[in-house]
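Visitor: Show me how the following folds:
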Amino acid sequence: METRLSRRKEASLARERNFEQIIDGLPAIVALFTVDGKIAFCNRRMLEYLGETFEQVQAQASAYNFHPDDRDDVLTRWAAAVQSGEPFDFEARLRRADGAFRWQRTRVFPLRNTEGRIDLWYGLCIDIDDHKWAETLLAGEKRLLSMVARGVALAEILETLCRVVEDAAPGRLCSVLSIDPDGVRFRHGAGPSLPAAYNEALDGLIMDRNYGPCGMAANLKTQVIAADVASDPRWAASSWPGLVLGHGLRSCWSTPILSRDDKVIGVFALYQHEPASPSQREHELIRQFTEIAGVAIERAHSDASLRRSNAFLAGAQRISSTGSFSWRVATGEIAWSEQVYRMFEYDAAAPVTLELIGARVHPEDLPLLDDMVQRARRGVPDFAYQHRLLLPDGSIKHLHFMAHGTPDRSGQMEYIGAVQEITDRRVSEEALSKVRSALAHMARVTSLGALTASIAHEVNQPLSGIITNANTCLKMLAADPPNVLGAQETARRTVRDGNRAADIIKRLRTLFGKRDPTTEPVDLNEAAREIIALSWSDLQRGRVIVRAELAEDLPPAIGDRVQLQQVILNLLLNAADAMSGIDDRPRQVVIRTERPDSEHVSLTVQDVGVGLDAQSAEKLFEAFYTTKSDGMGIGLSISRSIINNHGGRLWARPNDGPGVSFTFLVPCIADAAAGPRPAMVKR
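Guide: Numbering: from 1, shown residues only. The predicted structure is shown next:
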């Protein structure tokens, strides 16, 4: 009886450990709360995010780690949920260990006991900060472009721009200065969060390079960063440091706003109350909104006729590196800037029609054009598309369209939009893909070095057989009388050994050859058998026993056979290396194929080597991370990239006993009876 209870207790503890490992491995914050909001349990990710111990977290007040502006709302929602007993979710900013607040989407569910009472609440937090940031920028960009298109007053546009930037970069105070047409003095454009006295002091100031970062940026036409005004010697002789420090400001990042003819027409600046330098995200934010500020300022400097002309559109696109267009859907009237005409390679005098556009759009992308037209006719306020152009000389351009629609006085939709050529970006992406392919090929060739002995052994056996059979055949034919029947049988054995050698070479050329990836039906069982046969001698020398547990009636995987075999080979060699120092148990590798669901097949390589802890399981797939003294640290990274590109997953997990299991999951042909799908070459 005691033994049975002991076993039950051990099983229960094992389940608890497995549960904690699973929860700790989730890419999200997980916590259990008591009814009064206290934390009863949290996973490792939460502790790492907060930079605190579990005891410290438990000792804090409810919702202490949320942003002060969000805390009351969180507590209110919590109280309402406790009262109703219903699940709820919310978005709020959560403080990270470094003090930064990041947006989290939190979902909370009640956990009831067998009597239906709520004992605990289960909370799951997912980081959405990057998504929020992108949403803020996109919404701000659309709003500002709409204001510019509608001819809103410049002061209102610039103030809105500053608010958008400050929402996207909390703690930063935004300012925009314009420059008089004579290019001598600054004029206050917007600075809604800066002290009014500071804005007044800059208004009308002579544009002197020795007076602060804004003056220097405008004179040198380059970005100027003052990370700490108090210790920066560049303006020590001027009165600017005293002015800015007197208003509690410690740093200033200034960027010149350039016109279409490369003339400085303003300065975009961000201030902080503490010493600071811009992050990469903030650099991108500055670049993006400096361009928008330039468009707004330059349009304000133009008269009404110029604003509606192609000349203005050409200027705007030179600032933003894009073409622009307008489209009145009801009348079919379309106006292009000169840059768009150049993109489509049409004469600027040609009237623009949908038929003219369709004549240049790549035939495969015509459905996208039709969808865009139908959406515009339904009156959607915004749309964005990417199309290809097929030009008369056979060249292809990639374009990105973005448009915002507003009703005109008669209520008809008029779209103002931008067109950006992204061909270079596409070419760069393709070049990056080729580099990755070359790196994968290098990994296969590197693996070839580890298989040299196996290759020599595999090829030497049939070659030796060919030589022996040939000599025997000659002796039989030289006999008196000749042994013709024996010679024929010996010749057949020679042909057999020759074919065997040719098959070995064919497998090697396929595995280590460099070619474009293809999508085709792949028999994982056969692919695994070929890899086992190829590395058999090398595995024997390492005293590695391979047991294949291959599922019957396994449907074909969908993917590139060579790349999938590269992954299998890498996992098999890694398993053998992991057991090289094991002498107290058989060095056994199990290769197992399965069909976990109707849409996927999987392959697992399980060893009994030194194993790994749960924390290292994910690091193994990072580029250049290795546990081998002579390893490159790219094999598993490339393998995961290959499997991800196949629409699958590759992961590692410690075994219940010694060793590790690596498993990859890839899509399969769901209905094997329907026959293999036709191969499609990926371009």
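Visitor: now residue 609: how far from residue 597?
Guide: Using CB to CB, to the nearest Å, we find residue 609 at a distance of 29 Å from residue 597. For every residue, glycine as well, the C-beta is placed using N, CA and C.
Visitor: These two - which one has more neighbours?
Guide: Comparing residue 609 with residue 597 by neighbour count (other CB atoms under 10 Å), the higher total belongs to residue 609, at 22 against 11.
Visitor: what's the nearest residue to the more buried one if we skip its chain neighbours?
Guide: Once flanking residues are discounted, residue 609 sits nearest to residue 578: 3.1 Å by CB to CB, 6 or more residues apart in numbering.
Visitor: which residues touch the nearest residue to residue 45 once chain neighbours are set aside?
Guide: Sequence neighbours aside, residue 29 is the residue nearest to residue 45 in space, at 5.5 Å (criterion: CB to CB, 6+ apart). Neighbouring residues of residue 29 by CB atoms under 8 Å, 6 or more residues apart in numbering: 42, 43, 45, 46, 49, 94, 104, 123, 124, 125, 126.
Visitor: Now a PyMOL select for only the buried ones of those residues.
Guide: Burial among the contacts of residue 29 is assessed by 16 or more other CB atoms under 10 Å; the matching PyMOL selection reads:
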select buried, resi 42+43+45+46+49+94+104+123+124+125
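Visitor: want to try TSV for the contacts of residue 29, with secondary structure as columns?
Guide: Shown next, in TSV, are the contacts of residue 29 (DSSP: H, G, I helix; E, B strand; the rest coil):
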residue	secondary structure
42	strand
43	coil
45	helix
46	helix
49	helix
94	strand
104	strand
123	strand
124	strand
125	strand
126	strand
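Visitor: Where do the domain boundaries of the protein fall?
Guide: Annotated domains of the chain cover 15-127, 133-301, 305-421, 422-514, 515-683 [automatic domain parsing].
Visitor: least reliable of those going by mean pLDDT?
Guide: When those are compared by mean pLDDT, domain 422-514 comes last with a mean of 65.
Visitor: quick one: contacts for residue 387?
Guide: 361, 362, 365, 368, 369, 398, 399, 401.
Visitor: ok so, going back, tell me the one of the contacts of residue 29 nearest residue 65?
Guide: Checking the contacts of residue 29 against residue 65 by CB to CB gives residue 94 as the nearest, at 5.9 Å.
Visitor: and the gap between the closest one and residue 130?
Guide: The value you get for residue 94 to residue 130, if CB to CB is used, is 14 Å.
Visitor: same deal with residue 384?
Guide: Separation of residue 384 from residue 130 (CB to CB) stands at 19 Å.
Visitor: Kindly report the same for residue 416.
Guide: Look at residue 416 and residue 130: by CB to CB, they are 28 Å apart.
Visitor: what's the answer for residue 390, then?
Guide: According to CB to CB, residue 390 stands 35 Å off from residue 130.
Visitor: Among the two, which residue is more densely surrounded?
Guide: Remark: of residue 390 and residue 130, residue 390 carries more neighbours, 16 against 11, as counted by other CB under 10 Å.
Visitor: May I have the beta-bridge partners of that one?
Guide: Under the criterion DSSP bridges, residue 390 forms beta bridges with residue 396.
Visitor: Okay, helices next: where are they in the stretch 1-150 of the chain?
Guide: 2-25, 44-50, 54-59, 68-84, 129-149 (DSSP state H, counting those that start in this stretch).
Visitor: Same list (those) but as TSV, adding distance to residue 178.
Guide: Output for the helices of the stretch 1-150 of the chain, formatted as TSV (distance: least, CB to CB, whole Å):
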stretch	distance to residue 178
helix 2-25	54
helix 44-50	43
helix 54-59	50
helix 68-84	32
helix 129-149	15
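Visitor: So for residue 36, which of those helices sits nearest?
Guide: helix 68-84 (8.3 Å).
Visitor: got the contact list for the closest one?
Guide: Taking CB under 8 Å, 6+ apart as the rule, helix 68-84 contacts 35, 37, 62-64, 66, 87-88, 90, 92-93, 108, 110, 121.
Visitor: Go again with 10 Å.
Guide: For helix 68-84, the external contacting residues (CB atoms under 10 Å, 6 or more residues apart in numbering) are 33, 35-37, 61-67, 86-95, 101, 103-104, 106, 108-110, 118, 121, 123, 170.
Visitor: What are the neighbouring residues in contact with residue 289?
Guide: Neighbour list for residue 289: 137, 140-141, 144, 161-162, 164-165, 168, 174, 176, 255, 257, 268, 270 [criterion: CB under 10 Å, 6+ apart].
Visitor: now with 8 Å?
Guide: Contacts for residue 289 (CB under 8 Å, 6+ apart) come out as 161, 164, 165, 268.
Visitor: element containing the residue nearest to residue 381 when sequence neighbours are not counted?
Guide: Distances taken as CB to CB, 6+ apart place residue 405 nearest to residue 381, at 5.3 Å, with adjacent residues excluded. Using DSSP states H and E, residue 405 maps to strand 396-407.
Visitor: who touches that strand?
Guide: Contact with strand 396-407 is made by 142, 145-146, 149-150, 325, 327, 343, 362, 372, 376, 379-391, 413-423, 425-426, as judged by CB under 8 Å, 6+ apart.
Visitor: Quick check: beta-bridge partners of the residue lying closest to residue 287 once chain neighbours are set aside?
Guide: Excluding its sequence neighbours, the residue lying closest to residue 287 (CB to CB, 6+ apart) is residue 255, at 7.8 Å. Beta-bridge partners recorded for residue 255 (DSSP bridges): residue 268.
Visitor: What's the separation between residue 255 and residue 224?
Guide: The spacing between residue 255 and residue 224, counted by CB to CB, is 8 Å.
Visitor: Compare neighbour counts for the two and give me the winner.
Guide: Neighbours were counted for residue 255 and for residue 224 using other CB under 10 Å; residue 255 has more, 25 against 22.
Visitor: you'd agree that one is up against residue 293?
Guide: No - using CB atoms under 8 Å, residue 255 is not in contact with residue 293, being 9.4 Å away.
Visitor: shared neighbours of these two, anything?
Guide: Residues touching both residue 255 and residue 293 (CB under 8 Å, 6+ apart): residue 268.
Visitor: In terms of helix, strand or coil, where does residue 204 fall?
Guide: coil.
Visitor: List the residues that contact the residue nearest to it when sequence neighbours are not counted.
Guide: Distance criterion CB to CB, 6+ apart; nearest residue to residue 204, sequence neighbours excluded, is residue 185 at 5.5 Å. Residues in contact with residue 185 (CB under 8 Å, 6+ apart) are 179, 204, 205, 206, 207.
Visitor: can you check residue 102 too?
Guide: By CB under 8 Å, 6+ apart, the neighbours of residue 102 are 93, 94, 96, 127, 129.
Visitor: What's the separation between the residue nearest to residue 287 and residue 288?
Guide: Residue 255 sits 11 Å away from residue 288, going by CB to CB.
Visitor: cool, residue 573 as well?
Guide: 47 Å.
Visitor: So these two - more neighbours on which side?
Guide: Each of residue 573 and residue 288 has its neighbours counted (other CB under 10 Å); residue 573 has more, 20 against 16.
Visitor: tell me how far the helix or strand where the more buried one lies is from the chain's mean position?
Guide: Element membership of residue 573 [criterion: DSSP H and E] is helix 561-578. From the chain centre to the centre of helix 561-578 is a distance of 26 Å (CA atoms, centre = their mean, to the nearest Å).
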